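> only the shape, not the letters, is given here:
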């Protein structure tokens, strides 16, 4: 295959990468919507199935990172890669924007519940309210999601800026991810699990979804401005 043909083939693959990672982010978020459907008698079932669902997101993320790494090694222009990351985050934001509303969220969760063979497909939460964006859960979700976005893209950006230290830089994302995970496990996850136990998950779950949405918009805008500047 000629070099030109290879580039055209890669162009087609790269056009799909925003959708691939948007699916991964959506799975991560909706795994909590799956858990939120549970009642006291079947929490274990829903948590177990949601963990299977959540693990599938890793495959989509791996595809995304491999495609971007290949683009870097194929000498794509830096601005192209940065704008591709921005498009990924904006597409993720669009998917999460739909999940903020009752009907689209209900339809999506019916499909997910059917796929996971769950006995109930109860729609959780309400249509987004202004108060959902003023809670501590919203703030902490926003912060941790920004950290996760940075950890996902840091190895790619590092490989562009410091190609001679490409292998060393690849581990920076894992270090950033570690700190984000600690915050998430000690606050975000604990708050959501406590809400499930107390039966008030419907009151706060949209704060979690909204926090994820705004994090993608924020980081996506930053990458967009950087890409345009380059």
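Great, that's in hand. These figures come from a predicted structure and were not determined experimentally.

> could I get the buried residue list for the longest helix seen in the chain?
Determined from DSSP state H, the single longest helix within the chain is helix 3-36. For helix 3-36, burial by neighbour count (16 or more other C-beta atoms under 10 Å) applies to 14, 17-36. In short, each C-beta sits where N, CA and C put it, glycine included.

> pull the helix or strand with minimum mean pLDDT from this protein.
helix 166-169 (a mean of 78; mean pLDDT, DSSP states H and E).

> what about that one, distance to the chain center?
Offset of helix 166-169 from its chain centre (C-alpha atoms, centre = their mean, to the nearest Å): 24 Å.

> give me the most central residue, this protein.
When C-alpha atoms, centre = their mean is applied to the chain, the residue found nearest the centroid is residue 25 (2.4 Å).

> surely that residue and residue 213 touch.
No - contact between residue 25 and residue 213 fails when scored by C-beta atoms under 8 Å: they sit 10.0 Å apart.

> now for those two: what residues contact both?
residue 96 (C-beta atoms under 8 Å, 6 or more residues apart in numbering).

> what are the ranges of the helices in the chain?
Ranges of helices in the chain, per DSSP H, are 3-36, 43-73, 78-99, 102-115, 136-161, 166-169, 172-183, 189-198, 201-229.

> where does the chain have low pLDDT?
1-12, 120-121 (pLDDT under 70).

> stretch 176-193: how far from the chain's middle?
The answer for stretch 176-193 is 14 Å, by C-alpha atoms, centre = their mean.

> measure that stretch end to end?
One end of stretch 176-193 sits 24 Å from the other (C-alpha to C-alpha, to the nearest Å).

> would you indicate which residues of that stretch are buried?
Buried, per 16+ other C-beta under 10 Å, within stretch 176-193: 176-177, 180, 184, 187-188, 191-192.

> hmm, who's touching that stretch?
Residues contacting stretch 176-193 (C-beta under 8 Å, 6+ apart): 32, 35-36, 136-137, 140-141, 143-144, 147-148, 150-152, 154, 201, 204-205, 208.

> hmm, which of these are the buried ones?
Applying 16+ other C-beta under 10 Å to the contacts of stretch 176-193 flags 32, 35-36, 137, 140-141, 143-144, 147-148, 150-152, 154, 201, 204-205, 208 as buried.

> surely residue 52 meets residue 116?
Yes - look at residue 52 against residue 116 with C-beta under 8 Å: they come within range, at 7.2 Å.

> comparing those two, which residue is more hemmed in?
The residue with more neighbours, out of residue 52 and residue 116, is residue 116; 16 against 11, by other C-beta atoms under 10 Å.
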